[in-house]
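>>> below are the sequence and a predicted model for it; my questions follow.
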Amino acid sequence: TQLLEQSPQFLSIQEGENLTVYCNSSSVFSSLQWYRQEPGEGPVLLVTVVTGGEVKKLKRLTFQFGDARKDSSLHITAAQPGDTGLYLCAGAFKGSQGNLIFGKGTKLSVKP
Amino acid sequence: NAGVTQTPKFQVLKTGQSMTLQCAQDMNHEYMSWYRQDPGMGLRLIHYSVGAGITDQGEVPNGYNVSRSTTEDFPLRLLSAAPSQTSVYFCASSYRGGFGNSPLHFGNGTRLTVT
C-alpha cells in the first residue's frame, strides 16, 4: 500500500495566523487532490493538482505541487474560524488502479 | 441535486448480525467506492467498482461484500458484524475514479457501532 504522510496531525491557531499543511510520499503521484471535511459530513474537494511545480489559489488557500510530484502543501493565509475542519490529501499512483489513497488528515482549529 | 445518498445515517449492531449499507448516486458516475474512516487512520478503501457488474477489493476488504447491479447503486454488506467494524463508512463516486483526475463526491456517511 502506498503511504501518504500528512503533517501536522493537529493544528490549533488564532484567527489571523498563517499555516501550512504538508503531504508527502515516496512515490510519484499521477494526480493529487485536497479535501476538506466538516464534522458529520463527507469530504469535499478543494483542488486537484496534476503538473509538477503547479500552484493553485483558492481565495486565501494556496496549493503547491512539488516539482517531482512526490509532495504537496496547502498554505492558508490569515486563517478564520470558518477554516476549521479536517484537511485531507489524496493521491492517485501508478499502482493504485485509479483509486485515491488518502493521508490521515490534519485537524485544524482556528480560534477567534 | 441529491448527489451521493447514504442510508442509514446511524446503526447499532450486535456482534454476528448482518446488515447492508445503502449507497445511491444520481450523477451517472461509472466509479463508486466505499471507505471507512477511523480516528487516526484516515480514510481506507474497502471495495470499489469501475462500472456495473465490476467490483474489486481495496485495502481493507475482509468482512465486507459488495455488488454493482446498476450504475446508480453500490451497497456494502456486512455478513457477520464484529466490533472491529465499528467505524464511519463513506460511499463516494466519480466520473472515472483517479483516472483523469476526477474528483470524488462523498455521501455524508453511516456511523456504525458494533457491540
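On my side now, so go ahead. Predicted, not measured: the structure shown is a model, and the values here were computed from it.
>>> now do the end-to-end distance for stretch B:94-111.
Terminal residues of stretch B:94-111 are spaced 22 Å apart (Cα to Cα, to the nearest Å).
>>> how about stretch A:5-20?
End-to-end distance for stretch A:5-20: 14 Å, by Cα to Cα.
>>> buried residues, that stretch. List them.
Within stretch A:5-20, the residues scored as buried using 16 or more other Cβ atoms under 10 Å in any protein chain shown are A:6, A:11, A:13, A:19. Placement of C-beta: from N, CA and C, glycine included.
>>> farthest-apart pair in these, please.
For these, the farthest-apart pair by Cβ to Cβ is A:6 and A:13; their separation is 16.7 Å.
>>> can you pull the contacts of the most centrally placed residue in chain B?
Nearest to the mean C-alpha position of chain B, by Cα atoms, centre = their mean, lies residue B:34 at 2.7 Å. Contacts for residue B:34 (Cβ atoms under 8 Å, 6 or more residues apart in numbering or on different chains) come out as B:21, B:23, B:45-48, B:58, B:64, B:66, B:74, B:76, B:89-92.
>>> 7 Å instead, please
Residues near residue B:34 by Cβ atoms under 7 Å, 6 or more residues apart in numbering or on different chains: B:46, B:47, B:66, B:76, B:89, B:91.
>>> the helix or strand where residue A:75 lies pairs with which strands?
Remark: residue A:75 resides in strand A:71-76, with elements defined by DSSP states H and E. Taking DSSP bridges as the criterion, strand A:71-76 forms sheet pairs with strand A:19-24 (antiparallel), strand A:61-65 (antiparallel).
>>> can I get it as PDB, trimmed to CA atoms?
Taking Å, rounded to 0.1, in the frame of the first residue of the first chain, the C-alpha atoms of strand A:71-76 are listed here in PDB:
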ATOM      1  CA  ASP A  71       4.800  16.200  -2.300                       C
ATOM      2  CA  SER A  72       2.300  18.900  -1.900                       C
ATOM      3  CA  SER A  73       1.400  21.700   0.500                       C
ATOM      4  CA  LEU A  74      -1.600  23.700   1.500                       C
ATOM      5  CA  HIS A  75      -1.000  27.200   2.800                       C
ATOM      6  CA  ILE A  76      -3.800  29.300   4.500                       C
END
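>>> run the chain-centre distance for the helix or strand just after it.
Note on strand A:71-76: by DSSP H and E, the next helix or strand toward the C-terminus is strand A:85-93. Centroid separation between strand A:85-93 and its chain, computed with Cα atoms, centre = their mean, to the nearest Å, is 5 Å.
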